[in-house]
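>>> Only the shape, not the letters, is given here:
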């Protein structure tokens with residue numbers, strides 16, 4: 001999940017939910033490892049910057065929160081939603097968070113990253129391998 005937020009932690013955007021099955025969330029020697037550049041791209045950042053030319057100061061106090069879970073129960077949640085013809089349930093961020101919390105599934109990744117993906121290479125989560133850029 002990707003959410004744009006203010007440095008205070010207040011959400012500035014709707015949470016974008018991306019599902020990867022079997023290859024997006026992986027493990028390495030550091031623990032969880034996701035490819036965040038699939039969820040927040042330089043093109044998305046450029047579009048945001050272009051659409052907010054008159055509110056450029058807002059971009060200076062915004063950041064990207066990346067949350068990821070890797071657990072077989074989430075696959076069950078997604079399949080249940082599809083089989084019940086409620087695919088929107090898969091993309092209901094608050095519903096997925098509630099499902100994970102209700103099943104005791106802690107996020108494998110819950111990182112705050114700079115708004116500009118070009119700045120991610122030096123972020124501690126990227127340096128340690130918890131989050132990959134590409």
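Yes, it's here. These figures come from a predicted structure and were not determined experimentally. Residues are numbered from 1 along each chain as shown.

>>> okay, CA-based contacts and neighbour counts for the rest of this
Fine.

>>> what's the closest non-adjacent residue to residue 15?
residue 3 (4.6 Å; Cα to Cα, 6 or more residues apart in numbering).

>>> List of residues touching the host helix or strand of the one you found?
Applying DSSP states H and E as the criterion places residue 3 in strand 2-6. Contacts to strand 2-6, defined as Cα atoms under 8 Å, 6 or more residues apart in numbering, come from residues 11-17, 39-40, 61-67, 115.

>>> buried ones in the helix of greatest length in the chain?
Using DSSP state H, we find that the single longest helix of the chain is helix 72-83. With burial defined by 16 or more other Cα atoms under 10 Å, the residues of helix 72-83 counted as buried are 74-75, 78, 81.

>>> Can you name the next helix or strand after it?
As assigned by DSSP H and E, the chain's next helix or strand after helix 72-83 is helix 93-102.

>>> roughly how far apart are the nearest residue to residue 74 once chain neighbours are set aside and residue 78?
Among residues not flanking residue 74 along the chain, residue 100 sits closest, at 7.5 Å (Cα to Cα, 6+ apart). Per Cα to Cα, to the nearest Å, residue 100 is found 12 Å from residue 78.

>>> do residue 109 as well
Counting by Cα to Cα - residue 109 and residue 78 are separated by 19 Å.

>>> low pLDDT regions in the chain?
21-33, 133-134 (pLDDT under 70).

>>> Touching, residue 39 and residue 18? I think so.
Yes - here residue 39 reaches residue 18: they are 6.7 Å apart, a contact under Cα atoms under 8 Å.

>>> Which neighbours do these two have in common?
Shared contacts of residue 39 and residue 18, counting by Cα under 8 Å, 6+ apart, come down to residue 1.
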